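Enquirer: Kindly return the folded structure for what I paste below:
(one chain, ligands or ions: 1)
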Amino acid sequence: MKKIAKLSEIKVGEIKPFDFDGEKIIIINCGKEIVALSGICPHADAPLEEGYLDKECSTIECPWHNNIFDLSNGDSIEGPSYEGLTKFDVKIIDDQIYIGLK
Ligand code: FES
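Expert: Numbering: from 1, shown residues only. Now for the predicted structure:
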């Protein structure tokens, strides 16, 4: 796993972009859970750090054409994209967030 960010840098409800081995990812602080997903929408490359979380912090909506992705697995649950996002493993040790591929 790779050290990416400090937990204290990401407020609850915030989506922040980071670089993971040259790939853009987003880290979302849902309060009870930290979620890491690929950060570019597969439909037309929108920056997902500008996306919208639902109230339950269970989905993210693309800011450009409103694709909805499931935060539990990265799947696309409402188009236009059939392709989902990659979900990364997250580990938190003290204040440090580590990311890895499943
Ligand atoms: S770029 Fe995300 S839905 Fe089109």
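
Enquirer: Show the low-confidence segments of the protein, by residue range.
Expert: Across the chain, the ranges flagged by pLDDT under 70 are 102.

Enquirer: The ligand contacts on this structure?
Expert: 41, 43, 44, 46, 62, 64, 65, 67, 80, 81 (C-beta under 6 Å from any ligand atom). Using the backbone N, CA and C atoms, a C-beta is placed for each residue, glycine as well.

Enquirer: is it true that the third one touches residue 64?
Expert: Yes. With the criterion set as C-beta atoms under 8 Å, residue 44 and residue 64 qualify as a contacting pair; they are 6.3 Å apart.

Enquirer: Compare the two (neighbour count), which wins?
Expert: residue 64 (16 against 12; other C-beta atoms under 10 Å).

Enquirer: can you pull the contacts of the more buried one?
Expert: By C-beta atoms under 8 Å, 6 or more residues apart in numbering, the contact set of residue 64 is 41, 43, 44, 46.

Enquirer: Put the buried members of the residues you listed into a ChimeraX selection.
Expert: Applying 16 or more other C-beta atoms under 10 Å to the contacts of residue 64, the buried members can be selected in ChimeraX as follows:
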select :41,43,46
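
Enquirer: Inside helices: which ones of the contacts of residue 64?
Expert: Assigned to helices by DSSP state H, none of those qualify.

Enquirer: What are the boundaries of the strands in the chain?
Expert: Remark: strands assigned in the chain by DSSP state E are 2-6, 15-20, 23-29, 34-38, 52-53, 59-61, 68-70, 76-78, 87-93, 96-100.

Enquirer: Turn those into JSON lines, including mean neighbour count.
Expert: Output for the strands of the chain, formatted as JSON lines (neighbours: other C-beta atoms under 10 Å):
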{"stretch": "strand 2-6", "mean neighbour count": "14"}
{"stretch": "strand 15-20", "mean neighbour count": "16"}
{"stretch": "strand 23-29", "mean neighbour count": "20"}
{"stretch": "strand 34-38", "mean neighbour count": "21"}
{"stretch": "strand 52-53", "mean neighbour count": "16"}
{"stretch": "strand 59-61", "mean neighbour count": "20"}
{"stretch": "strand 68-70", "mean neighbour count": "20"}
{"stretch": "strand 76-78", "mean neighbour count": "15"}
{"stretch": "strand 87-93", "mean neighbour count": "15"}
{"stretch": "strand 96-100", "mean neighbour count": "17"}
